[in-house]
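**Student:** model this:
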Amino acid sequence: MTQPLPPLTTEAAALSVAGAGLHRYEMGPALIGAGADATVVIVESGDNPGSSGVQNSTEVLVRGEAVPALDSRFDFWAALPIHLFARLDRGCLPLGTARCRGRSSAPVGFDSAALELEQPLTREMLDAVRPVPASGPVPGVDWVDHVETDPIRALESFVLGWFPTEEAEPAGEESMEDEPKDLPQALAAFHRLARLRPAIHRFCNPVLQQPRHASGPLGDRLVFAVDREGIRDWSILWPPQEQGDVDPRVWLTEDPCSADPETISEEEPLSRFLLQYTLYEAMNAAPYHASTFCMPTARLAPLWRMLRPVPLSPFLPTYTAEKFFVAPGLLTTISSDENEAVVSFAALDRATLTPLLDHGFRWFRFDG
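**Tutor:** Here you go, the predicted structure:
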């Protein structure tokens, strides 16, 4: 059932909620009023993933030049409430009150805050302040055809289709000399791809631009990827122990700096593991996400008509053991057993997520 929008108000009336002694500030496109009774934040409407504005039904971001005077007001334990409004053509739409769930740290550098609404926005309010744009061209999934027969080709096709081109200066002689040498075929292909799509070297958990040599219980190894907290890394034995081993086994090392690190063999060889890893990090880096609460596995049935499985073993089997699925413009992981399942989606285009509402899932997060 469609729910009517709350009445719009003027900017002056919205700011008056802050109370006496009003001070006005600007942080990026947001207008902030600080008074004796409350803090008022007026954001611009629009589709602005990762920038100031409404992100989804529960989250609003505020970002801009540092405003040290506002530091104490954007704290989870702040005594005064935060009232949110979104600017529309004919006035300001009240969104409700919020808590600050994340922020830049030092007062002198306070330039961002992640605000969580105490009551989620209705779909009608969300569409009014953050309209879903018409869907444009989205990456296809033909690369899945090559996963089993030529995983390096599958990796190349996925990366070139999913990540946009970037303006970059041609590599000079010096930078070409800095590129890692004497690498297995799959890792060399990844680094060649990174010259075409630099985004894959900016993953949250990066594939190292310069793999490093290390020793371990199994012998000399080449560390090619690390997690951002440094509590695990991925490596291959290098040089290879067996002559002609062109697609070596990958080893996950837990707590590599400890005296007795635990080393676990990944299920996939290097070429297929790099595809797994890239899919996982591409999901993390995507601008739009959706995740369900735990639900009965039987609820997945409608998804099988739209999702194509990627023939790879579950990723991080000792943790979430997620299997990958894809649809045009959509990456999906499913962690499940016979009884329960959790599904996560990632997309480059918000409109790709919106049709998922038709499935009636309970959403932990939904950016569509």
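
**Student:** What average pLDDT does stretch 154-168 get?
**Tutor:** The predicted model assigns stretch 154-168 a mean pLDDT of 92.

**Student:** Would you mark the buried spots in it?
**Tutor:** 154-159, 161-163 (16 or more other CB atoms under 10 Å). Any C-beta I mention is one placed from the backbone N, CA and C, and that applies to glycine too.

**Student:** In a markdown table, list those along with secondary structure and distance to A79.
**Tutor:** A markdown table is the format used below for those (DSSP: H, G, I helix; E, B strand; the rest coil; distance: CB to CB, whole Å):
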| residue | secondary structure | distance to A79 |
| --- | --- | --- |
| A154 | helix | 55 |
| L155 | helix | 52 |
| E156 | helix | 55 |
| S157 | helix | 55 |
| F158 | helix | 50 |
| V159 | helix | 49 |
| G161 | helix | 50 |
| W162 | helix | 46 |
| F163 | coil | 45 |
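
**Student:** Looking at those residues, which is nearest F224?
**Tutor:** L155 (14.0 Å; CB to CB).

**Student:** still on that earlier bit, so can I have CSV of the buried residues of stretch 154-168 showing distance to H23?
**Tutor:** As requested, the buried residues of stretch 154-168 are exported to CSV (distance: CB to CB, whole Å):
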residue, distance to H23
A154, 56
L155, 53
E156, 55
S157, 54
F158, 50
V159, 49
G161, 49
W162, 45
F163, 43
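
**Student:** just those residues now: which is nearest L70?
**Tutor:** For the buried residues of stretch 154-168, the nearest to L70 is F163 (36.1 Å; CB to CB).

**Student:** Name the nearest residue to the closest one, sequence neighbours excluded.
**Tutor:** Leaving out its chain neighbours, the residue that sits closest to F163 by CB to CB, 6 or more residues apart in numbering is R197, at 4.2 Å.

**Student:** residues in contact with S313?
**Tutor:** Applying CB atoms under 8 Å, 6 or more residues apart in numbering to S313 gives the contacts 267-268, 276.

**Student:** Would you pull up how far the helix or strand hosting G33 lies from the middle of the chain?
**Tutor:** Using DSSP states H and E, G33 sits in strand 30-34. Remark: strand 30-34 is offset 28 Å from the chain centroid, using CA atoms, centre = their mean, to the nearest Å.

**Student:** Run through the neighbouring helices and strands of it.
**Tutor:** In terms of contacts (3 or more CB pairs under 8 Å, 6 or more residues apart in numbering; DSSP states H and E), strand 30-34 is packed against helix 11-16, strand 23-27, strand 39-44.

**Student:** Return the most buried member of these.
**Tutor:** Among the helices and strands packed on strand 30-34, strand 39-44 has the highest mean neighbour count (mean count of other CB atoms under 10 Å), at a mean of 24.

**Student:** Assess the claim that L117 and N56 are in contact.
**Tutor:** No. Using CB atoms under 8 Å, L117 is not in contact with N56; the gap is 9.6 Å.

**Student:** in the stretch 51-200 of the chain, which spans are helices?
**Tutor:** In the stretch 51-200 of the chain, the helices defined using DSSP state H, counting those that start in this stretch lie at 123-129, 151-162, 173-178, 185-196.

**Student:** ranking the ones you listed by mean pLDDT, which is last?
**Tutor:** helix 173-178 (a mean of 50).

**Student:** Which residues in the longest strand out of those in the chain does the neighbour count mark as buried?
**Tutor:** In the chain, taking DSSP state E as the definition, the longest strand is strand 91-103. Within strand 91-103, the residues scored as buried using 16+ other CB under 10 Å are 92-96, 98-100, 103.

**Student:** got it, and stretch 330-345?
**Tutor:** Within stretch 330-345, judged by 16+ other CB under 10 Å, the buried ones are 330-336, 341-345.

**Student:** Touching that stretch from outside, list them.
**Tutor:** Here stretch 330-345 has contacts from 138, 279-280, 282-283, 286, 289-297, 299-300, 303, 307, 314-315, 320-326, 346-347, 352-353, 356, 361, using CB under 8 Å, 6+ apart.

**Student:** can we see that at 6 Å?
**Tutor:** Residues from elsewhere that reach stretch 330-345, judged by CB atoms under 6 Å, 6 or more residues apart in numbering: 283, 290-292, 294, 297, 300, 307, 320-325, 346-347, 352.

**Student:** now stretch 110-121
**Tutor:** The contact list for stretch 110-121, computed with CB under 6 Å, 6+ apart, reads 57-58, 60-63, 66, 68, 71, 74, 96-104.
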